[in-house]
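# Got a predicted structure here, sequence first:
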Amino acid sequence: MNKKINLYMDGPRLDQINNSYGLEIDGYTFNPSLFKKNGATDYIGYSKKILEICSGKPVSLEVFADDHDGMINQGKILNNLASNVFVKIPISFTNGDTTSKVIHELLNLGIKLNITAIFTLEQIKNIIDIIKDSESILSVFAGRIYDCGVDAKEKVKEINTFIKDNSKCKSLWASTRMPFDYVTAIDVKSDIITMQISHIEKLKMFGTNLNDYSLKTVKQFYEDAKSSGFKI
């Protein structure tokens, strides 16, 4: 497959990071929920293990404090782990207030940011004056936009146009729901897509003959019924 977008892997376990998936992995993204899913108990210790084996590629690690000073402190600690760390800052605190002051202060410290949990263009407009001269990653949660019954393709296209016209930032298509999101993210000119391993592994199926795949599916259903001893 001819790559036209940077492909990040979202939340792999340590033993999955250096496996072959048929496409070059350009970076990695994590959040506290993914750490929990992977069984991490020591947040910094687990972060260090990730950084030891990811070959210097960009790694986004997220703060989980819910106040200005806490986010600043955690951002500094994560940033100091390695030069390839992008500190993930949510677009708002849990009370809905903007994290713009946190973003501004961390950027002034020279810390690379991945601003996450973005759903609307308005959220980006509210911080554009702060981030426009940085190369921050802006993670737009396309999959969760789709979950709300909204056409994420059109929303992300609009967001990406605004980002490219008004900043040096990179747009990231996040929360993929299917492998075809890879194609959609390219179509709307996202710079990066982050995907779960289950979706990345299916990218190698692109170009599969549909008739052959249909026959394979029929055979699968038949063999499953046969091996299960079902009777009608």
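Everything's here; your move. Numbers count the residues shown, from 1 in each chain.

# Could you pull out the buried residues of the longest helix along the chain?
Secondary structure of the chain read by DSSP state H shows that its longest helix is helix 210-228. When neighbours are counted by 16 or more other CB atoms under 10 Å, no buried residue of helix 210-228 is found. (C-beta placed from N, C-alpha, C; glycine too.)

# could you give the mean pLDDT of that helix?
The pLDDT scores in helix 210-228 average 97.

# outside of it, which residues touch it?
Residues from elsewhere that reach helix 210-228 (CB atoms under 8 Å, 6 or more residues apart in numbering): none.

# quick one: the host helix or strand of E122 to chain centroid distance?
Per DSSP states H and E, E122 falls inside helix 121-125. Mean-position distance between helix 121-125 and its chain equals 19 Å (CA atoms, centre = their mean, to the nearest Å).

# Next, the contact list for the residue positioned nearest the centre of the chain, please.
Taking CA atoms, centre = their mean, the centroid of the chain lies closest to T194, which sits 3.6 Å from it. Under the criterion of CB under 8 Å, 6+ apart, the neighbours of T194 are 7-10, 27, 29, 139, 172-174, 176.

# let's go with 7 Å and repeat that
Contacts were defined as CB atoms under 7 Å, 6 or more residues apart in numbering; by that measure T194 touches 8, 10, 29, 172, 174.

# from these, which ones fall inside strands?
Counting by DSSP state E, the part of these found in strands is 8, 10, 29, 172, 174.

# Pick the one among these closest to N160.
Proximity of the ones in strands among the contacts of T194 to N160 (CB to CB) peaks at L172, which lies at 10.0 Å.

# these two touch, right, that closest one and I137?
Yes: here L172 lies in contact with I137, judged by CB atoms under 7 Å, at a distance of 5.2 Å.

# Mind listing the shared neighbours of those two?
Contact with both L172 and I137 is made by residues I192, according to CB under 7 Å, 6+ apart.

# which residues in this structure form helices?
32-37, 43-53, 68-79, 100-108, 121-125, 128-131, 142-147, 152-166, 181-187, 197-202, 210-228.
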